[in-house]
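Colleague: Got a predicted structure here, sequence first:
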Amino acid sequence: MTDFTALLLTIGHWIVWVVGAVALVATLLPILRQTAWWIRACDFPRLQIVAGLAFSLVAELALPGTSSWGHWAFAASLGLALLYQAARIWPYTPLHSLQVAPATRPDDDDANHISMMVANVLMYNRDASRLLGHINRLRPDMLLALETDDWWLSQLERIEKDYPYTCHAPLPNTYGMLVFSRLPLREPQIRYILDNDVPSFHGCVVLPSGVSVNLHFLHPKPPAPQESKSSAPRDAELLVVGKVIHRQDARPTIVAGDLNDVAWSHTSELFRRISRLLDPRIGRGLLPTFHADHKLLRWPLDHVFHSSHFRLQRLERLAHIGSDHYPIYIRLSYEPDGWHEQEKELEQADADDHEEAEEKIVEGIAEVNDPD
């Protein structure tokens, strides 16, 4: 072996060790369940971490000159981390069984269907034409537009002739929220659950069949240094809503929005257990919605969860609208006869879950009231 070849081999080993070590740390940190933003940020890029682990494991086994016990311990650690990460992602692949069954009602049974578009528009985006194009093409029953300021309200007001039921909170801080509906809204309210700068929508929508569906639309702050020093406020807002739904005695319910969390995070799973809501993505695919401009850095931040009263007619990630998020479109079929069958897909919240939810809510409220 020449000196040059030996140098290249050494450099290769160092690259593998650095990439593998970073991927291992990013796998271990979220297990701590601490709320610091730099720890919770590791919940998001699981696909990217899997890629790093797989690369490091293959390279570690393939490169010559690695036969020490340290080599095998490192390779075993990479393999275990890879299996763990794959297990976290696996439910969001077509290999997993469906959590939400396909609709059985005819597609033209409009009286018992509800469709919705969720679009984080990016407040600084000044091209409304692409979003309006999606609305005109799909004609959803409801539109939830996030990161909307007064300019976006002025652009979307033109659809009010077709969407006469509205509830708006335009804001210049990237947390504005606009709700448009073809279907009647009952008791629509904008609330500020934890933070006076972060609105959420709560109310009911009435299907043409007369069924009333509870709605909760959210856009909590992400765990990021410029937004929130930890995930505690985000987690608390989501779990407050989960506790409300838990007390509503299994009514038809939909929760939607940019939750600034991925579906496989511990908090999202805790929320679903508490609220007893289903995730239509399970068994169908990740449907990553952010970041729309970076193919290698994408994860699912925009969600629609719903109660067991509904089955899925259609779920689609829509084309780019100039935002850093892709919009999503969903059409649900109200089929309460299948309620008990879909209930079997739910994990049951136990006493520890409820205790943890209360602790997270208290922690989030405390941080909002004393951010320093």
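Modeller: Nice, I can see it.
Colleague: hang on, Met117 is in a strand, isn't it?
Modeller: Yes. Following the definition DSSP: H, G, I helix; E, B strand; the rest coil, Met117 is counted among the residues of a strand.
Colleague: I'd guessed it sits against Leu146; true?
Modeller: No. Counting by Cβ atoms under 8 Å, Leu146 is not a contact partner of Met117; they are 11.2 Å apart. Every C-beta, even on glycine, is put in place using the N, C-alpha and C of the backbone.
Colleague: Just want to know which of those two has more residues nearby.
Modeller: Neighbours were counted for Met117 and for Leu146 using other Cβ atoms under 10 Å; Leu146 has more, 27 against 23.
Colleague: partners of that one in the sheet?
Modeller: Asn120, Met177 (DSSP bridges).
Colleague: ok, residues contacting stretch 100-113?
Modeller: 141, 207-209, 211, 278-280, 282-283, 306, 310-313, 331-335, 338, 341-342, 345 (Cβ atoms under 8 Å, 6 or more residues apart in numbering).
Colleague: how about 6 Å then?
Modeller: Among residues not part of stretch 100-113, those counted as contacts by Cβ atoms under 6 Å, 6 or more residues apart in numbering are Pro208, Ser209, Leu278, Pro280, Arg311, Leu312, Gln313, Arg331, Ser333, Tyr334.
Colleague: do stretch 19-31 as well
Modeller: With Cβ under 6 Å, 6+ apart as the contact definition, stretch 19-31 has outside contacts at Ile39, Cys42, Asp43, Ile49, Gly52, Leu53, Ser56, Ser77, Leu78, Ala81.
Colleague: What of stretch 342-349?
Modeller: Residues external to stretch 342-349 that are found in contact with it (Cβ under 6 Å, 6+ apart): Gln99, Arg273, Ile274, Arg276, Ser308.
Colleague: So the closest residue to the first one other than its chain neighbours: helix, strand or coil?
Modeller: What that stands for is Gln99. Ranked by Cβ to Cβ, 6 or more residues apart in numbering and with sequence neighbours excluded, the top spatial neighbour of Gln99 is Ile282, at 3.8 Å. In terms of secondary structure, Ile282 is coil; the call rests on three-state DSSP.
Colleague: Check Ile282 and give its pLDDT.
Modeller: According to the predicted model, the pLDDT of Ile282 comes to 96.
Colleague: tally of neighbours for it?
Modeller: Using other Cβ under 10 Å, Ile282 has 20 other residues around it.
Colleague: go on, the one 5 residues further on?
Modeller: By the measure other Cβ under 10 Å, the count of residues near Leu287 is 18.
Colleague: So it lies in a helix, does it not?
Modeller: No. If the criterion is three-state DSSP, then Leu287 is coil and not within a helix.
Colleague: Do I have it right that it meets Arg317?
Modeller: Yes. Look at Leu287 against Arg317 with Cβ atoms under 6 Å: they come within range, at 5.2 Å.
Colleague: mind listing the strands for this protein?
Modeller: 113-120, 142-146, 165-169, 177-181, 185-191, 200-206, 212-218, 253-258, 302-306, 310-317, 328-334 (DSSP state E).
Colleague: Make TSV out of the ones you listed and add distance to His266.
Modeller: What follows is the strands of the chain, written out as TSV (distance: least, Cβ to Cβ, whole Å):
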stretch	distance to His266
strand 113-120	23
strand 142-146	24
strand 165-169	29
strand 177-181	26
strand 185-191	25
strand 200-206	22
strand 212-218	18
strand 253-258	18
strand 302-306	15
strand 310-317	24
strand 328-334	23
